[in-house]
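Asker: Quick check, what structure comes out for this input:
(2 chains)
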Amino acid sequence: MTGIRATDVAVIGAGPAGLAAAVAAVDKGANVLLLERDARPGGILQQCVHNGFGLHYFGEELTGPEYAARFAGEAARRADRVSFLPDTMALSLDSDRTITAVSPREGPLTIKPGAVVLAMGCRERARGALGIAGTRPAGVYTAGAAQRLVNLDGYLPGRRVVILGSGDIGLIMARRLTWEGAKVLMVCELMPYSSGLNRNIVQCLRDYDIPLYFNTTVSRVHGSERVEAVTVVKVDGKRQAIPGTERVVECDTLLLSVGLMPENELTRMAGIQLDPVTGGAVVDERRQTSLPGVFACGNVLQVHDLVDHVSREAEIAGRYAAGYAKAGTLPMPKLSVSAEGFTRYVVPQRISAEPEGMVDLYFRVGDAVKPARLTVRTADGKTILTRRKKAMTPGEMEHVKVDVSKLTGDVVVVTEAVGNV
Amino acid sequence: MSDSITMGGGKREFICIVCPVGCPLKAEGDGDAVKVTGNACPRGAVYGRQEYLRPMRVVTSNAAVQGGDRPLVSVKTSGEIEKARIPDALARIRGLIVSAPVEIGQILIDDLAGAPLVATAAVGKV
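Answerer: Next comes the predicted model:
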């Protein structure tokens, strides 16, 4: 049966971003429809059984399921205002904010919300995105798929494992598989540095003497039915394989931890402007996208390394989505925020005509900078603030608080290297 | 200088994990007296000393569930345990079978290498 559902705010995705946005929207007086394609809320946190979540938000270290349960509990306490729709897949988003979704229980659904919060999260890059040569046997997994197999389904995906990519999921899985009895032979990293957190390199690799090879990649997969070996090769400064450095490593499993991509199919359908660097929507400080009344937060907006920041960002989006649903309008973007020097991107990319108070600018650098000087200035040359940082790395998202009342023009966030270290 | 190297003796190197700088620490000890160098801040010295004397880690894993709406429940040691005892702890977790329902925070093993093992998720009964 087709029914049209009206609601103040529709939130797409009930991972950490969607849950925090839903709670924040309710607390601003909105009724919320929370759409989730899985059977349970929590998103990918459900399979992140390791700890280290929540240090910033809750001031204590939680595991992924515990962090998710806190927000799911907050949403459940507001059950009179939050309708949770599990097993529900959002199929389309129109430019008039109409959502088409489907679920086994409800059938096809048409939702006409006052505002929309996009909280679909991100996807892992898979083998197809890398162009690794060789055969197509079983035993090649993304690190997240392997994590799901081990932590939710109870299967060990292999016994002798090579991991390509030293992102956090790959590092966490190196330890997890070691703990479950597999032998992790090595982690190969194409870049000269790891995008993973320092703590994970120490506690997941060094603790178990797992070697981490920089400037190294996997160039070929061997094996007919199952992975039998991979060819590992050194790369030069242009990330090109160096002939003669190949070696064949016998293994039965290759895990890929080679980056995450915001999952923005719905965003594209609605014609919302995307940032080519983040892969997410262009938003203002309220996390409103280029389509009025549609907001974005969490990993669908920019890939975060800490869920704590996801929750904060989602609360902003949820709060203003509720505000939009009530008022039918919000101030439009006026100023742009751009990146310079080592700064690779900044979120939000816009500041509205009527910003309120202090605004956190989140950004990443494109290369390791030790030590670094950070400058926030306006395009007309007025310095708003400068900071010295001992170290900035691409793996750690930075943020800086800016008093938006001081802004006289477009904003530039500049990161420079200082001194010779 | 003592020339007898005991469990806590000798010179060892760590990467500090307190902040993104990742100082390369050198720790040298003689009994309980530990000298940490290479740290750029006092927090590094504290970390280096602990890591030298008795490295501690939280262990997280999954335990089998009987009669649940999911086959596994995620678990953690509710505090840090000695790193050296992690293999024993993991072996005990592997042998554990929990009956559903499981509450989040429920104690599953009272003393697992020095800390309780608790469930970090809820599992319903079928």
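Asker: what's the longest helix in chain B?
Answerer: helix B:42-53 (DSSP state H).
Asker: could I get that one in PDB with only the CA atoms?
Answerer: Listed next in PDB are the C-alpha coordinates belonging to helix B:42-53 (Å, rounded to 0.1, in the frame of the first residue of the first chain):
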ATOM      1  CA  PRO B  42      55.000  15.600  31.000                       C
ATOM      2  CA  ARG B  43      52.200  13.300  29.800                       C
ATOM      3  CA  GLY B  44      54.700  11.500  27.700                       C
ATOM      4  CA  ALA B  45      56.800  10.700  30.700                       C
ATOM      5  CA  VAL B  46      53.800   9.200  32.500                       C
ATOM      6  CA  TYR B  47      52.900   7.100  29.500                       C
ATOM      7  CA  GLY B  48      56.500   6.000  29.000                       C
ATOM      8  CA  ARG B  49      56.900   4.900  32.600                       C
ATOM      9  CA  GLN B  50      53.700   2.900  32.600                       C
ATOM     10  CA  GLU B  51      54.500   1.300  29.200                       C
ATOM     11  CA  TYR B  52      57.900   0.400  30.500                       C
ATOM     12  CA  LEU B  53      56.900  -1.100  33.800                       C
END
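Asker: ok but A:D207 is inside a helix, no?
Answerer: Yes - when DSSP: H, G, I helix; E, B strand; the rest coil is applied, A:D207 is found to be in a helix.
Asker: pretty sure it contacts B:K83?
Answerer: Yes - at 6.9 Å, A:D207 and B:K83 qualify as touching, with contact defined as Cβ atoms under 8 Å. C-betas here are computed from N, CA, C, even on glycine.
Asker: hmm, back to that, just the buried residues of the longest helix of chain B, please?
Answerer: For helix B:42-53, the neighbour count (16 or more other Cβ atoms under 10 Å in any protein chain shown) marks B:44-45, B:47-49, B:51-52 as buried.
Asker: cool, stretch A:23-41 as well?
Answerer: Under the neighbour-count criterion of 16+ other Cβ under 10 Å, stretch A:23-41 has A:23-26, A:28, A:30-38, A:40-41 buried.
Asker: Likewise for stretch A:309-329?
Answerer: Of the residues in stretch A:309-329, A:309-325 count as buried by neighbour count, 16+ other Cβ under 10 Å.
Asker: Keep only those of the residues you listed that are in helices.
Answerer: A:309-325.
Asker: rewinding a little: ok, the helix or strand following the longest helix of chain B near chain A or not?
Answerer: Moving toward the C-terminus from helix B:42-53, the next helix or strand (DSSP states H and E) is strand B:56-57. Yes - residues of strand B:56-57 are located near chain A by Cβ under 8 Å from any Cβ of the partner chain, namely B:R57.
Asker: Spit out the residues that contact A:D207 and B:K83 alike.
Answerer: Listed as contacting both A:D207 and B:K83 by Cβ atoms under 8 Å, 6 or more residues apart in numbering or on different chains are B:R57.
Asker: which outside residues touch stretch A:53-63?
Answerer: A:45, A:48-52, A:64, A:66-67, A:70, A:306-309, A:311-312, B:58, B:60, B:74, B:76, B:120.
Asker: so how far is the first residue of it from its last?
Answerer: Using Cα to Cα, to the nearest Å, the end-to-end distance of stretch A:53-63 comes out at 6 Å.
Asker: what's the answer for stretch A:33-51, then?
Answerer: 30 Å.
Asker: Could you do stretch A:286-302 as well?
Answerer: Start and end residues of stretch A:286-302 are separated by 15 Å (Cα to Cα).
Asker: same thing with stretch A:285-292?
Answerer: Length of stretch A:285-292, first residue to last, Cα to Cα: 13 Å.
Asker: Mind listing what's buried along it?
Answerer: Neighbour counts using 16+ other Cβ under 10 Å place A:285-291 of stretch A:285-292 among the buried residues.
Asker: can I get those residues in CSV with secondary structure and pLDDT?
Answerer: As requested, those are arranged in CSV below (DSSP: H, G, I helix; E, B strand; the rest coil; pLDDT from 0 to 100):
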residue, secondary structure, pLDDT
A:E285, coil, 96
A:R286, coil, 97
A:R287, coil, 98
A:Q288, strand, 98
A:T289, coil, 98
A:S290, coil, 97
A:L291, coil, 97
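Asker: For chain B, tell me which of those residues show up nearby.
Answerer: Checking the buried residues of stretch A:285-292 against chain B by Cβ under 8 Å from any Cβ, not one of them is in range.
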